[in-house]
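Trainee: Provided below are the primary sequence and the corresponding predicted coordinates.
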Amino acid sequence: MMLRRSNGLVMRQRRAAIAIASSENTTLMFGDLPALNSATAIVQLATQYAFSGGGAVPRRDRPALLQKVIMARIPPVRR
């Protein structure tokens, strides 16, 4: 897993936005996170995502901080 800074159009309008992605899994995007209090929740979600088998982490299973701030779920591109 890798962390990378993004200057994407949607992300620019949001404070502390993240996306968790994999070429074979659904991409999850979250925005408007409290910058100083999100690290633990992000690490927990990244772990859940890695073991999810497809990137689907149900809302009820996500850390509380990330249950209401999802911006998008993008399915993987199948070739």
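Mentor: Nice, thanks for sending it over. What you are looking at is a predicted structure, and each value in this text was computed from that prediction instead of being measured.
Trainee: If you tally nearby residues, what's the number for residue 54?
Mentor: 12 (other Cβ atoms under 10 Å). Glycine gets a C-beta too; all of them are placed from N, C-alpha and C.
Trainee: That one and residue 26 touch, don't they?
Mentor: Yes: contact status for residue 54 versus residue 26: in contact at 6.4 Å, counting by Cβ atoms under 8 Å.
Trainee: Which SSE is immediately downstream of whichever helix in the chain runs longest?
Mentor: Criterion DSSP state H: the longest helix present in the chain is helix 39-50. Proceeding N to C from helix 39-50, the next assigned helix or strand is strand 70-74, under DSSP states H and E.
Trainee: Check which helices and strands that next one is in contact with.
Mentor: Under the contact criterion of 3 or more Cβ pairs under 8 Å, 6 or more residues apart in numbering; DSSP states H and E, strand 70-74 touches strand 25-30.
Trainee: tell me the mean pLDDT for the strand it packs on?
Mentor: Averaging pLDDT along strand 25-30 gives 90.
Trainee: Same question for it: list its buried residues.
Mentor: Neighbour-count burial for strand 25-30, counted by 16 or more other Cβ atoms under 10 Å, picks out 25-30.
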